[in-house]
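Enquirer: Give the three-dimensional model of this entry:
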Amino acid sequence: MAAVAVFADTPRAQPAAPAAPAPGRLVGRTSDDTLRLAKERAQRPGTSETERLAALAVIARVSGSADFRATEAAFAAIAADASVPAEVRDEAGLLARQAAVDDGATPGIEKARALGVITDLAVLGPFRDAGGGLEAKDGPEAKGAIFTDLRASHSWGANDVHWRGVPAELASASGVPLDLLIEPRKESCTWLATSFALAKDAPLLVKVAASGQVRMTFDGVDVAKSDEVHASLRFDRLAATVQASAGAHLLAAKVCSGALADEGRARLRLLGADGAPLPKSAFTSPPSARLTAPVSTAPRVKRSTTLLERALATGAKATPASLLAAATVRTIGGADDTRSPRAPGLLDAYTQDASRSPDEQAMAAWLTPAAAPRSGRLYKARELAKARGDAETAAFVDRRLVEAHLDAAMPDWAIATLRASHLDTAKDDEALTMRARTMETLRLEPESVRAMRELEQTLRARRGALASDAVFTLARLAQAHDALLHADAEDELARRGWRGESWVRAQSARGKDAVVSAAKNALRGGVRDADEAIAVARAVADAGAHDVARELFVAIAGLAPNEPAAWLGLARELSEGVAPGSAPPPQIVMALRRARELAPGDVRARAELALRTQGAKSGPEPLDDERYLTATAAILARRKGAPAPGVAPDVADRELHWIRVVRMHKDDRVSQLIQYAREIVIAPRTESELFEPLPAEGDLTEILRARVHRKGGGVAFPTEEHNDGARPRIRWPELQPGDTVEVVVRQWSSRAIGGRGDAPFYFMDYSGSTASHPLLFNEVVVETPPGHPLYVDVLNGGKYKREEKDERGLHVVHLTWDQPVVVPEEPLAPHLSEIAPVIVGSTFHTWNDFKRWYMEAIRGFTEPDAEVRRIAAELTKGKRTRDEKLRALFEFVADDIRYVNYVSGEWWLPNRPQQLLARREGDCDDKAILLITLLRAVGIEAQEVMVQTRLTGMPSVLRAKNAAVPMFDHGIAFLPGPNGGTYLDATSPQSRLGPLPSMDARASALRFDGAPEIVTLPSSSPDDHGASVTWNIALGADGAADLTGEEQHVGDGAFWLRTYLREAEARQQYVEGNLVGPWFPTVEVDKAIDFKGDLPKGAAWVRYKAKSQGLARREQRELVVPLSPSVTYGSQLAPLVKRTLPVSLPSHLAPSHQNRTLRITAPAGYVWGPLPPGGAAEGGDFGRASIELAADRASPRVLVVKRRVVFNQHLIPVQRYDAWRQWIQSVDALMHKEVRLVPAGGAR
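Expert: Below you'll find the predicted structure:
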């Protein structure tokens, strides 16, 4: 309760009563003030059309927190103002209609038609869009298709695609809710169309508004298109004037969604050439969803630009007012291109001018899309406002900061800002809402109830006027505390047009009839998407009105025929009243089969269908992949049994059987049926080992079979089986040696593969295993329908059988290994993919196919906007040469952009540069894209490179001949130029220009300049990575030593020094643990450490002092000084006498060099005994090593030891292992030396 004290009784000065906002301002103290200012700006003479449009966007944006009556009234006043340009009045009229309480309801249909909105539409979709869908001539535009054929089927896979009528309530001024009608919506295209007939020749103005991308056609001819991806529908987007003849015509729009979710709305309008709605007398047949062929296929069309298009054309060099207006339209107007946003650049250009007023700075801050820069700009605007005495702006900013704190779930900060800005005593709707939200977020029930009662009193006093945000907050608070108040608040929202699930469920406090009435109303234009519609029907079922729920599910299945939950809900409502054990009506089975077809990974639908059809005389489903399952008896025949008691087992377990059946479905989903059996040889010893490590090959998993075949006969089943699709789990009972576990799972991609926001689909299957887990049989089947290929290749094939044929309408590739390869387990062996047979499959046949997909997916990402150009110019200011500019930009991306493995909404694709600049963080390919964009801003062209680093170490997969498998784990940039160009890896902080990191060197990569191909990155020299170390060691007579070290590192070594030594407080621990500790016992490093991290060519330097209490050991009166660490190279790099597999050295070791000079000063009274011989061990391309020992000529007490070890070749083939091992042993023999100090005069 301590936090609430800020609302209590602490005396403080009260703020003066707020004055009315000054004319010409952009923001006001409250949302009501900001709305009034925007209305005035839209009507002010001399205001540009872009600024007027931006003012409309502001009104719409603040409508939820302002007086509910004010929004529609403001839009209506602007629409009626003859001094306002006609196009602005038109947009204001549409927005007034959207704000009206009957928009989307039956009474609003004629009012929408009066604005030219076409409410009689047919809808067709979805059509898959994995790139280029807007332009694709598919579906009704395909060759041989008749666009207006209402009976034609355009279905694909499980998706039912036919022309359907759109209920007129849904075709409102707010646009048709495609999320209600179309599934799947993500990365798909939808057609909306209408037919009409004119009484005579007439010029027409046709307009379309839509989120996503859109293309509009008239009589089959393209009249306008936009391939930018907009998040929302706010204004008319495209327009064209058509000279139409008398007779029938067809107006249509194709709307495509991108990888990122959008609002999913679209609207068509038909007007006269003057922009006025057409009278009914203009038609012999008004717009209708019953499509008919047009009388002409060659209309005369003139493209018109809309107000929105002209606003979006505003560039960074426009006037400040236009710049801010354009940014407003792009952000809160929902019209920025989500593929390559321009608003951050416009706002950056606007805010750079220090002469901006606090009011202007606050507006720009409020519009900033990203949270981090938005907060920074808000605080800056508040400081400026306070410095200039601008109380209105300061109050506006305080409210925006409270909002930001609440959105970020930081109620303590919110409550502090409320208190400091006196919002805890303000009485306007916005302040009341903020206080209530704060108490709700703090989860303090007494204060939440008090806030709820305050909102309740305000609602009763100002019903019909209280801000909608306040009513929503009241409804949310009342849901847990007062059912009748909750229903009352929801009723108020319903009167305002929000007639969705929450309203329907709230009626449960009033009984079943109230729920039914509300649900029927909600489904007449009140729901936003299919999920909400289904939730409404479920609310009716929960109220016990199953007959009505059944009717609602039937209606929903008609509206959204590809929504599996609608069919599953229908099946359950149909089953109400069916006696247990009786034969189910066929409608139930039909609905369940349809749900199962649409959501094959839904185990609930599968289980219920199996229950309903149990005992029915129905054959197997066509194309049933389970026909490939092997009989259990055949699998168990391969068992070899457990060893006799007292006999050590030779394996941990045996994989008796493995089969994978990969099927590409016509709707581009992929299923993988996997059957495997494992014979237990060493019984599980811990609880965790009883949990089955199920293969993770898909998004959804069905467990079809899980059982234990006991060694002595009999079958046992899991003690725990969790089968919810996404997180399956099996826990076995106690297992004994000789038992065999058998598992069958089917795994599904959650939706169609191949989208721009999805990870590229590929699969891998190993027909080989390690010796401790031998595989005895392996089989892979790949089935693909025509037009939906999966390309398959076998690497390191070995002896196997391949069968390829066409059957059951599928192309089948069948691969069988009766004797899979068993690989011995040897240290430093390459990945299994490099030494055993691997089956790979991919949707890409060649790298050119992959390049086309990827380049389309990231189109526009690397186009510099105003912010990128400004930052690039600032970073390169004063830099004269190309190399200086390159270095400055590279180090900014490496050091200032923190490495965080952040996944975008498009999952596999990189984030946009604007997102990195806003968050100052990103992963490897994000940073590569930002670097490429910055370089482009200063005239340097670079390209992205996808890398499979040596840490992954599976290059064979990338070099498959018949399939392109994009198994990459890294992204860098490539700068074309002499000597093969330059690769730039700015992933990690403290990276520098110079040698490639060793994980990149010699790795396989895909370049996109020219024809795409897998290349090997530059090999890198051992001189590029490593360290040159000098140690000055002063020995004491007791064997202790003082050490002064100086090291210069290059390449990876320098990177690690910069990473760990940049902060002075962290240096001691790193030096002690990594630079000195491995060599000397009981070492203690002094805290005073000198460090230089920015030497030429990326080198780094460190100097330190240390003390070891036992560097030399005493043997009688002599001291023995070791000259190497105790661990030998041979024990790590060549421990086996013979090998059957290559040696693959880790990237940090090869290529690299270590040069180390030791200057050891003898203690007083001691002289050096006979020195062991030096020498060299030449290993050719393996590397080389040498050591020199000699007394310093100037000071005989000083022994100088120079050690040099170089590793070059990182992959040692089997036939050269003997030579490798001999060289490693010679290096150990050479380097593992000791020197003796004997008392002066020879006494021992």
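Enquirer: What strand or helix carries the residue nearest to residue 380 when sequence neighbours are not counted?
Expert: Spatially, and ignoring its direct neighbours in sequence, residue 380 is nearest to residue 361 (6.4 Å; CB to CB, 6 or more residues apart in numbering). (Glycine included, C-beta is placed from N, CA and C.) Per DSSP states H and E: residue 361 is located in helix 358-367.
Enquirer: for residue 1209, same thing?
Expert: Counting by DSSP H and E, residue 1209 is found in no helix or strand.
Enquirer: Let me know how buried it is, in neighbour terms.
Expert: Residue 1209 has 20 neighbours, counted by other CB atoms under 10 Å.
Enquirer: what's the answer for residue 957, then?
Expert: So residue 957, with other CB under 10 Å, has 23 neighbours.
Enquirer: what do you get for residue 812?
Expert: Neighbours around residue 812, by other CB under 10 Å: 17.
Enquirer: Which SSE is immediately downstream of the helix or strand harbouring it?
Expert: Residue 812 is part of strand 810-817 when elements are defined by DSSP H and E. Moving toward the C-terminus from strand 810-817, the next helix or strand (DSSP H and E) is strand 821-823.
Enquirer: For residue 860, which three-state class applies?
Expert: When classified by DSSP: H, G, I helix; E, B strand; the rest coil, residue 860 comes out as coil.
Enquirer: and what of residue 395?
Expert: helix.
Enquirer: Please save the CA atoms from the host helix or strand of residue 380 in CSV.
Expert: Assigned by DSSP H and E, residue 380 belongs to helix 371-387. C-alpha atoms of helix 371-387 as CSV (Å, rounded to 0.1, in the frame of the first residue of the first chain):
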residue,chain,number,x,y,z
ALA,A,371,9.4,3.2,-27.5
ALA,A,372,13.1,4.1,-26.7
PRO,A,373,13.4,7.1,-29.0
ARG,A,374,9.9,8.1,-28.2
SER,A,375,10.6,8.3,-24.4
GLY,A,376,13.8,10.2,-25.0
ARG,A,377,12.0,12.8,-27.2
LEU,A,378,9.2,13.1,-24.7
TYR,A,379,11.6,13.9,-21.8
LYS,A,380,13.4,16.4,-24.1
ALA,A,381,10.2,18.1,-25.0
ARG,A,382,9.2,18.3,-21.3
GLU,A,383,12.5,19.9,-20.3
LEU,A,384,12.1,22.4,-23.1
ALA,A,385,8.5,23.1,-22.2
LYS,A,386,9.4,23.8,-18.6
ALA,A,387,12.3,25.9,-19.6
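Enquirer: by how many degrees do that helix and helix 358-367 diverge?
Expert: 160 degrees (axes from the mean of the first three to the mean of the last three CA atoms, to 10 degrees).
Enquirer: what's the spacing between helix 371-387 and its chain's center?
Expert: Taking CA atoms, centre = their mean, to the nearest Å, one finds the center of helix 371-387 at 30 Å from the center of the full chain.
Enquirer: Please point out which parts of that helix sit buried.
Expert: 373-375, 377-378, 380-382, 384-385 (16 or more other CB atoms under 10 Å).
Enquirer: Ok, stretch 1223-1230 next?
Expert: Neighbour-count burial for stretch 1223-1230, with 16+ other CB under 10 Å as criterion, is recorded at 1223-1224, 1226-1228, 1230.
Enquirer: Mind jotting down where the helices sit in the stretch 201-350 of the chain?
Expert: Here the stretch 201-350 of the chain has its helices, by DSSP state H, counting those that start in this stretch, at 307-312, 320-331, 343-351.
Enquirer: Between those helices, which one is closest to residue 29.
Expert: helix 320-331 (19.5 Å; CB to CB).
Enquirer: Tell me the buried residues in the closest one?
Expert: Quick answer for helix 320-331 (16+ other CB under 10 Å): 321-331.
Enquirer: One more: stretch 888-898?
Expert: 888-895, 897.
Enquirer: now swap in stretch 496-516 and tell me
Expert: Applying 16+ other CB under 10 Å to stretch 496-516 flags 497-509, 514-516 as buried.
Enquirer: In strands only, show me those residues.
Expert: Taking DSSP state E, every one of those sits outside strands.
Enquirer: Run me through the strand neighbours of the strand holding residue 812, direction for each.
Expert: strand 778-784 (antiparallel), strand 801-807 (antiparallel) (DSSP bridges).
Enquirer: So which residues make contact with that strand?
Expert: By CB atoms under 8 Å, 6 or more residues apart in numbering, the list of residues contacting strand 810-817 from outside reads 623, 663, 767, 777-786, 789, 792, 794, 798-806, 837, 839.
Enquirer: In it, which residues are buried?
Expert: Within strand 810-817, the residues scored as buried using 16+ other CB under 10 Å are 810-815, 817.
Enquirer: and if you look at stretch 701-711?
Expert: Neighbour-count burial for stretch 701-711 [16+ other CB under 10 Å]: 701-704, 706-709, 711.
Enquirer: re the thing from before, pick out whichever of the buried residues of strand 810-817 sits closest to residue 285.
Expert: Of the buried residues of strand 810-817, the one sitting nearest to residue 285 (CB to CB) turns out to be residue 810, at 46.7 Å.
Enquirer: Beta-bridge partners for that closest one, please?
Expert: With DSSP bridges as the rule, residue 810 is bridged to residue 807.
Enquirer: give me the number of residues near residue 799?
Expert: The burial count for residue 799: 11, using other CB under 10 Å.
Enquirer: ok, it - contacts?
Expert: 817, 819 are the contacts of residue 799 under CB under 8 Å, 6+ apart.
Enquirer: And it, how far from residue 61?
Expert: Noted for residue 799: a distance of 68 Å to residue 61, by CB to CB, to the nearest Å.
Enquirer: And for residue 691?
Expert: For residue 691 relative to residue 61 (CB to CB), the value is 51 Å.
Enquirer: These two: which is more packed in?
Expert: Each of residue 691 and residue 61 has its neighbours counted (other CB under 10 Å); residue 61 has more, 22 against 15.
Enquirer: excluding its backbone neighbours, what's nearest that one?
Expert: residue 332 (4.2 Å).
Enquirer: Please apply the same query to residue 366.
Expert: Using CB to CB, 6+ apart, the nearest residue to residue 366 is residue 400, at 5.6 Å.
Enquirer: how about the helix or strand where that neighbour lies: buried residues?
Expert: Element membership for residue 400, per DSSP H and E: helix 391-407. By 16+ other CB under 10 Å, the buried positions in helix 391-407 come out as 392-406.
Enquirer: what residues does it touch?
Expert: With CB under 8 Å, 6+ apart, helix 391-407 has contacts from 18-19, 21-22, 25, 27-30, 33-34, 358-359, 362, 365-366, 371, 374-375, 378-379, 381-382, 384-386, 411, 413-414, 417-418, 420-421, 423, 430-431, 434, 437-438, 441.
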